[in-house]
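# Pasting the sequence and the predicted model now:
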Amino acid sequence: MLSSSPVVYSSGPVLLTLLNLVNTYTVTNLSIFLVALVFSFLPYIFRNNLTSDKGTALPPGPPLRYAFLRKYPERVLHKWASTYGPLFSVWMGNQLFVVISDPKIAKDLLVTQGAIFSSRKNYFMKNETILAGRALTGSPYGDKWRQHRRLAMQFLTPKAVASFDHVLDYEASILVRSLYNESKQGSLPLDAAAYCGRYALNNMLMISFGTRTDSSSSPLVERAIEHAMEFMELTGPWSNAIDFIPALQWIPTRMRSRGRKLHKDHLDVYGDMYLAAKARMDSGEIVPECLARTLIETGEKEKLDWEDMCMLTAVFTLGGVHSTSGLLQWFLALIPSYPDIQAKAHEELDRVVGRDQWPHVEDEVRLPYIRAIIKEVQRIHSPSWMGTPHCSTEDFEYNGMFIPKDTVIVLNLFTMHHNEERYPDPYTFNPDRYLGDDLSCAESAKLGDPMKRDHWAFGGGRRICPGLVVAERELFLAISRILWTFNVHALPTEPISLEEYEGMSGRTPMPFRVRFEPQHEGVHEAVAGIEELSC
Ligand code: HEM
């Protein structure tokens with residue numbers, strides 16, 4: 001009893017004490033657990049201030065890690081460049097990025113140290129899922145990349161491009177003819193996006209497959225543009241948490257399915273076109289000189305498999321359609337706001353080319369103002385503000401800063417193209433800044449002084465865009481002919497936004513319509529002689 005009574009009488013306090021103990025124990029444990037949890041997450045939240053063996057620190061950068069950067073990532077990069085300087089670093093999940101915002105640093109790293117800074121990161125979405133480790137653009141720096149680049153360059157050197165001049169010339173005529181006819185000689189406003197897309201697509205289809213589409217409403221135009229847009233959406237260097245958080249790669253997310261679907265779509269579309277070219281060759285038809293024909297003839301010797309061939313031809317369309325078409329759209333979005341610039345261009349065309357015929361490739365050297373307009377459009381609306389990032393293959397120290405192996409290297413084109421010192425009054429669209437610059441983009445990229453390079457829209461170093469010669473020629477033919485043919489006007493009730501854009505990195509303006517007013521009486525005759533060829 002005695003022994004039990006205290007228990008009976010003291011059961012309340014004892015229970016309370018016990019509960020308190022349990023509570024204290026639980027609370028302490030919980031606190032420990034929470035503290036441990038917070039600490040274990042810290043490395044995923046804060047940047048890792050890695051140092052080299054010698055103790056050299058990374059380039060400075062924001063203290064937090066990011067999973068992705070939202071729309072308009074160039075604005076964030078521009079802000080960080082002003083805070084942390086022209087070479088800064090940022091962690092995206094578990095991936096270190098080093099961002100270059102200065103032409104001299106770009107040259108030092110991408111060109112002078114090209115042996116170290118010319119690879120590509122094996123991104124889960126872009127390289128593994130969509131391109132399946134194949135296409136030139138995503139290949140790591142090595143023998144396979146060299147082989148694919150050599151095969152592609154057979155069609156992209158200045159000499160090879162000259163042999164396609166008749167194709168580019170014809171497609172530019174068709175572009176202008178379509179704008180003239182579809183706008184009913186300027187009486188109906190047009191959204192020119194599909195026409196620009198078809199122009200760039202037909203040029204790439206002729207070079208890749210020796211074929212073309214014969215209407216802007218062809219399903220292939222729609223599909224190619226849709227695929228290019230989807231590619232941009234899924235592969236922007238900052239856009240995917242799935243690339244930076246490996247656990248997400250194992251989960252069946254919508255993002256992962258979209259990537260897989262795009263891979264299959266590429267094989268379907270380009271595989272079918274490749275097979276069509278092969279069937280034409282097998283039946284004895286003469287297929288014009290083109291990349292597919294070369295691959296069919298040399299594929300065995302080059303040891304290329306089916307996916308290699310599909311992806312190599314796909315990359316011309318992926319690399320060359322949306323970019324060129326995006327620049328044409330930016331030109332059309334900008335030019336109506338600058339009647340004085342249009343008038344100056346018309347004056348140059350009248351003086352140099354006259355009104356009896358429109359400009360041809362040979363006229364380019366005699367039209368410095370038209371060339372200046374094109375360079376200025378590329379500067380102020382580069383169709384990708386981050387280019388295609390490179391990746392380092394060795395540890396490197398630069399100006400007292402450590403850049404580890406496997407770092408993603410990004411050119412911050414927005415900041416580079418708005419550098420006050422290189423481009424005074426950088427936010428103003430002013431083609432005059434390029435008067436006196438007689439170099440092509442390819443020649444300009446080779447200048448010893450990087451501050452004199454025209455712009456960096458085609459990237460730099462060993463991975464510089466191999467399509468820049470053809471792209472420059474396409475842009476010249478299209479823009480000079482549009483200016484020769486039309487006065488381009490905005491619609492008073494439909495303002496065109498030059499700030500916003502579609503997609504992840506500045507590629508195309510928001511949809512807009514303009515009026516294409518025929519400029520003079522020579523226009524009708526120039527357009528009337530053009531016939532649409534079937535594919
Ligand atoms: C105005 C039009 C174009 C622009 C602004 C442009 C821009 C670029 C940029 C910034 C790069 C990455 C360069 C680097 O890594 O530093 C690139 C790569 C590439 N471009 Fe273009 N491009 C254009 C047109 C074309 C055309 C017409 C083609 C095809 C004929 C093309 C095919 C490629 C390919 C295959 C690559 C990957 C090269 C490699 O990784 O080695 N591009 N382009």
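Good, I have the coordinates. Numbering: from 1, shown residues only.
# phi, psi of the residue nearest the centre of the chain?
Nearest residue to the geometric centre of the chain (Cα atoms, centre = their mean): residue 384, 4.2 Å. Main-chain torsions, residue 384, degrees, to the nearest 10: phi -160, psi 120.
# Look up how far residue 503 lies from it.
The gap separating residue 384 from residue 503 is 9 Å, by Cβ to Cβ, to the nearest Å. (Glycine included, C-beta is placed from N, CA and C.)
# For residue 113, give its distance to residue 451.
Counting by Cβ to Cβ, the gap from residue 113 to residue 451 is 19 Å.
# Look at those two and report which has more neighbours.
Neighbour count, other Cβ atoms under 10 Å: between residue 113 and residue 451, residue 113 has more, with 17 against 12.
# Tell me the bridge partners for residue 89.
Following DSSP bridges, residue 89 is listed with bridge partners residue 98.
# Please look at it and residue 61 and confirm they touch.
Yes - with contact defined as Cβ atoms under 8 Å, residue 89 reaches residue 61; the gap is 4.1 Å.
# which neighbours do the two share?
Common neighbours of residue 89 and residue 61, using Cβ atoms under 8 Å, 6 or more residues apart in numbering, are residue 47.
# More neighbours: which of these two?
Between residue 89 and residue 61, counted using other Cβ under 10 Å, residue 89 has the larger neighbour count: 24 against 21.
# interface residues of the chain facing the ligand?
136-137, 149, 152, 156, 315-316, 319-320, 323-324, 327, 383-384, 387-388, 390, 457-460, 463-467, 470-471 (Cβ under 6 Å from any ligand atom).
# Restricted to strands, list the residues you listed.
residue 390 (DSSP state E).
# Helices - which of the residues of the chain next to the ligand land there?
149, 152, 315-316, 319-320, 323-324, 327, 470-471 (DSSP state H).
# residue ranges of the strands in the stretch 401-535 of the chain, please?
401-403, 408-411, 486-490, 514-518 (DSSP state E, counting those that start in this stretch).
# nearest spatial neighbour of residue 182, skipping sequence neighbours?
In this structure, residue 182 finds its nearest non-sequential neighbour in residue 190, 6.0 Å apart by Cβ to Cβ, 6 or more residues apart in numbering.
# Now for that neighbour, how many residues are close by?
Neighbour tally, residue 190, other Cβ under 10 Å: 19.
# That one touches residue 513, doesn't it?
Yes - at 6.0 Å, residue 190 counts as touching residue 513 under the criterion of Cβ under 8 Å.
# Contact partners for the residue nearest to residue 490 when sequence neighbours are not counted?
Nearest residue to residue 490 in three dimensions, chain neighbours excluded: residue 336, at 3.9 Å (Cβ to Cβ, 6+ apart). Neighbouring residues of residue 336 by Cβ under 8 Å, 6+ apart: 488-490, 496, 514.
# 10 Å instead, please
Residues in contact with residue 336 (Cβ atoms under 10 Å, 6 or more residues apart in numbering) are 342, 487-491, 496, 512, 514-515.
# Local confidence estimate at it?
Per-residue pLDDT puts residue 336 at 97.
# now residue 158
Taking residue 158 on its own, its pLDDT is 93.
# distance of residue 202 from residue 525?
From residue 202 to residue 525 the distance is 24 Å (Cβ to Cβ).
# meant to ask about residue 91
In terms of Cβ to Cβ, residue 91 sits 61 Å off from residue 525.
# between these two, who's got more neighbours?
residue 91 (24 against 11).
# what residues are up against the spatially closest residue to that one that is not a sequence neighbour?
In space, and not counting its chain neighbours, residue 91 is closest to residue 65: 4.1 Å by Cβ to Cβ, 6+ apart. By Cβ under 10 Å, 6+ apart, the contact list for residue 65 reads 43-48, 90-96, 244.
# Buried ones only from those, please, as a ChimeraX command.
To isolate the buried members of the contacts of residue 65 in ChimeraX, using 16 or more other Cβ atoms under 10 Å:
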select :47,90,91,92,93,95,96,244
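# doesn't residue 446 make contact with residue 439?
Yes - using Cβ atoms under 10 Å, residue 439 is in contact with residue 446, at 8.8 Å.
# Those two: which has the busier surroundings?
residue 439 (16 against 10).
# mind listing what the residue nearest to the more buried one when sequence neighbours are not counted touches?
Distance criterion Cβ to Cβ, 6+ apart; nearest residue to residue 439, sequence neighbours excluded, is residue 454 at 7.0 Å. Contacts for residue 454 (Cβ under 10 Å, 6+ apart) come out as 371-372, 374-376, 378-379, 433-434, 437, 439-441, 443-445, 447.
# Swap in 6 Å and give it another go.
375, 437, 444 (Cβ atoms under 6 Å, 6 or more residues apart in numbering).
# following the worst-scoring helix or strand of the chain on mean pLDDT, which helix or strand comes up?
The least trusted helix or strand in the chain, going by mean pLDDT, DSSP states H and E, turns out to be helix 4-45, with a mean of 60. Downstream of helix 4-45, the first helix or strand assigned by DSSP states H and E is helix 73-84.
# List the buried residues in that following helix.
So, applying 16+ other Cβ under 10 Å, buried residues of helix 73-84: 73-74, 77-78, 80-81, 84.
# Are there helices or strands packed against that helix, and which ones?
helix 413-417 (3 or more Cβ pairs under 6 Å, 6 or more residues apart in numbering; DSSP states H and E).
# Give me the contacts around the helix it packs on.
74, 78, 81, 101, 379, 382, 385, 456.
# and the gap between the residue nearest to residue 490 and the ligand?
For residue 336, the distance to the ligand equals 21 Å [Cβ to the nearest ligand atom, to the nearest Å].
# Leaving out the residues flanking it, which one is nearest to residue 96?
residue 407 (4.9 Å).
# how close does the one you found sit to residue 394?
Taken as Cβ to Cβ, the span from residue 407 to residue 394 is 10 Å.
# In terms of neighbours, single out the busier of these two.
Neighbours were tallied for residue 407 and for residue 394 using other Cβ under 10 Å; the higher tally belongs to residue 407 (25 against 13).
# Wait, the more buried one touches residue 392, no?
Yes - Residue 407 is within contact range of residue 392, at 4.8 Å (criterion: Cβ atoms under 6 Å).
# how deep is residue 355 tucked in, by neighbour count?
15.
# in the stretch 251-400 of the chain, which spans are strands?
390-391, 396-398.
# Quick check: which of these is buried the most?
strand 390-391 (a mean of 24; mean count of other Cβ atoms under 10 Å).
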